[in-house]
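Chemist: got a structure for you, letters missing:
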């Protein structure tokens, strides 16, 4: 499995489970992941990735980025973010030859409010700051823990709006990348709904099993791209996390 697809699978499906709200200190995880790729000529597959995180009060830093809690009163939370963005596009040759996508960085804000009954409504805004596409993203999500006092399984659903610049960077063909049989393509702003489950099962006060599954449903503007041939992206993972 290509490293880009692996990282996207871990971040897409595992992020809710790996967000360890709780004790200060270090945590590390080892995650096995499977992900599908929407891009022509890019294989699906599986692999293993590691995660590392350090939390001190309102501040958290790790392989998934950096956050600082501006507001956290138990029912409301507002975080300032600095996040990497890994695309699932790997271009070894063929139809994708000559297409180059780098890891970029975003700043942003994330807000979540817990409703009576435990439903969490949240939204995240991200702005790219590394000068690759100057794109924006708005993600709106609702999540609900299932099973009462049983295992901590959370179901979530949401949609991600991406600006034209970001959508072109992720799914389009830039003018300088146009080739015979691969015209330049800009999908414009896009909206991608998704559904998922995440879980973290404590084994003791230090170890837990974590996992998640997710499906993203790409719209027609994305699937019309000359480098995209699948409108549904699946990701799944399972692993262990250690708090120390």
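Modeler: Yep, that arrived. None of these values were measured; they are calculated from a predicted model.
Chemist: next SSE downstream of the helix or strand encompassing residue 80?
Modeler: Using DSSP states H and E, residue 80 sits within strand 76-85. Remark: after strand 76-85, the chain's next helix or strand is strand 104-114, criterion DSSP H and E.
Chemist: next SSE downstream of that following strand?
Modeler: Using DSSP H and E, the helix or strand that follows strand 104-114 towards the C-terminus is strand 120-128.
Chemist: need the next SSE after that following strand, C-terminal direction.
Modeler: Counting by DSSP H and E, the next helix or strand C-terminal to strand 120-128 is strand 136-146.
Chemist: got the contact list for that following strand?
Modeler: The contact list for strand 136-146, computed with Cβ atoms under 8 Å, 6 or more residues apart in numbering, reads 16, 106, 108, 118-128, 152-163, 165-166. To be clear about C-beta, it is placed using only N, CA and C from the backbone, and glycine gets the same treatment.
Chemist: name the nearest residue to residue 63, sequence neighbours excluded.
Modeler: The spatially closest residue to residue 63, leaving aside those adjacent along the chain, is residue 51, at 4.9 Å (Cβ to Cβ, 6 or more residues apart in numbering).
Chemist: that neighbour: how many residues sit nearby?
Modeler: Residues near residue 51, counting by other Cβ atoms under 10 Å, number 21.
Chemist: ok, now the one 4 residues further on?
Modeler: Using other Cβ under 10 Å, residue 55 has 19 other residues around it.
Chemist: run the angle between the strand holding residue 80 and strand 136-146 for me.
Modeler: Interaxial angle of strand 76-85 relative to strand 136-146 (axes from the mean of the first three to the mean of the last three Cα atoms, to 10 degrees): 120 degrees.
Chemist: next, work out how far apart residue 28 and residue 243 are.
Modeler: According to Cβ to Cβ, to the nearest Å, residue 28 and residue 243 sit 9 Å apart.
Chemist: who has more neighbours out of the two?
Modeler: residue 243 (19 against 16).
Chemist: low-confidence stretches in this structure?
Modeler: Filtered on pLDDT under 70, the chain yields the residue ranges 1-22, 91-93, 148-150.
Chemist: can you show me the helices along it?
Modeler: Secondary structure of the chain (DSSP state H): helices located at 3-9, 15-18, 164-171, 220-223.
Chemist: which residues touch the third one?
Modeler: Yep, that's helix 164-171 we're talking about. Helix 164-171 has contacts (Cβ under 8 Å, 6+ apart) with 38, 87, 89, 101, 104, 128, 132-137, 162, 174, 185-190, 218, 221-222, 225, 227-228.
Chemist: which among these end up buried?
Modeler: Burial by neighbour count, judged by 16 or more other Cβ atoms under 10 Å, picks out 38, 87, 89, 101, 104, 128, 132-133, 135-137, 162, 174, 185, 187, 190, 218, 221-222, 225, 227-228 from the contacts of helix 164-171.
Chemist: run the chain-centre distance for stretch 216-228.
Modeler: Counting by Cα atoms, centre = their mean, to the nearest Å, stretch 216-228 is centred 18 Å from the centre of its parent chain.
Chemist: wait, residue 84 touches residue 108, no?
Modeler: No: contact criterion Cβ atoms under 8 Å: residue 84 and residue 108 do not qualify, at 11.8 Å.
Chemist: pick out whichever of these two has more residues nearby.
Modeler: Each of residue 84 and residue 108 has its neighbours counted (other Cβ under 10 Å); residue 108 has more, 21 against 15.
Chemist: contacting residues around the more buried one?
Modeler: 80-81, 83, 124-127, 137.
Chemist: ranking these by neighbours, who comes first?
Modeler: Compared across these, residue 126 has the highest neighbour count, 23 neighbours, by other Cβ under 10 Å.
Chemist: how close does that residue get to residue 107?
Modeler: Where residue 107 is concerned, residue 126 sits at a distance of 7 Å (Cβ to Cβ).
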